[in-house]
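**Student:** Sequence and predicted model, in that order:
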Amino acid sequence: MQSISSKVLSRIYGRGRGWAFSSNDFADEFNREQIDNALSDLTQSGQIRRVCRGIYDYPKYSTLLEQKLSPDSDQVARAFARKFNWRIQPSGDAALNLLGLSTQVPGRFVYLSDGPTRKYSIGSYMLEFKNSSLKDVGFKHRESGMIVQAIKALGKDHISNAIIENIRKQLDPKKYRQIIKDTKSVTNWTHDFIKQICMECK
């Protein structure tokens, strides 16, 4: 029979390199003791990596650098969100980074959250969750909040046609209408840019 560790590892491999997770992500199939033992064994064998207390990842590997890459900040943030049942949204530099609108890698990634304000040291960067009102983290679609935060971070006078096009390229056209509807409560100028991104107006 396949061992618990092998079953857990198979599920991890299925998500691909870079995926971050906690024991909660396996609670539907195994009990807590089984999961903790499996994660401990897999960490000791070097097949997964402990990112911080309770959070692990299946690290990406650079053949050029011949070393494991730093934990993916967004994957780690989402692992925390699932673990604690938070709703989160990347803010400012984090949103710009995820949308490819900033080439700088910030030393601090800030996420808005409906949970408590907390900070975690993850490798070479700080991951911060900042308690925020539901209007900032209550979007149904992940893309909606990311676009809103990126637009707010850039500012009304610094959004060019090139930026609008760059954001548009990363969206599934099938989600345009959903995003427009999802963001109808944001400020008028922000929503105008979102409609331009989603091709509703030019």
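**Tutor:** Thanks, I have it.
**Student:** So which elements touch the helix or strand of the chain with the lowest mean pLDDT?
**Tutor:** Across the helices and strands of the chain, mean confidence by mean pLDDT, DSSP states H and E is lowest for helix 134-137: a mean of 71. Judged by 3 or more CB pairs under 8 Å, 6 or more residues apart in numbering; DSSP states H and E, helix 134-137 is in contact with strand 88-90, strand 108-113. Every C-beta, even on glycine, is put in place using the N, C-alpha and C of the backbone.
**Student:** And the contacts of the helix or strand just after the shortest one?
**Tutor:** This points to strand 88-90. Note on strand 88-90: by DSSP states H and E, the next helix or strand toward the C-terminus is helix 93-98. Helix 93-98 is contacted from outside by 73-74, 89-90, 102, 104-106, 108-111, 146-147, 149-150, 153-154, using CB atoms under 8 Å, 6 or more residues apart in numbering.
**Student:** Identify each buried residue in helix 93-98, please.
**Tutor:** 93-98 (16 or more other CB atoms under 10 Å).
**Student:** Would you convert those into a markdown table that also reports pLDDT?
**Tutor:** Formatted as a markdown table, the buried residues of helix 93-98 follow (pLDDT from 0 to 100):
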| residue | pLDDT |
| --- | --- |
| D93 | 86 |
| A94 | 89 |
| A95 | 91 |
| L96 | 92 |
| N97 | 89 |
| L98 | 90 |
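**Student:** And the host helix or strand of R82, what does it pack against?
**Tutor:** Assigned by DSSP H and E, R82 falls within helix 73-84. If contacts are counted by 3+ CB pairs under 8 Å, 6+ apart, helix 73-84 sits against strand 20-21, strand 55-57, strand 88-90, helix 93-98, strand 108-113, strand 118-122, strand 125-131.
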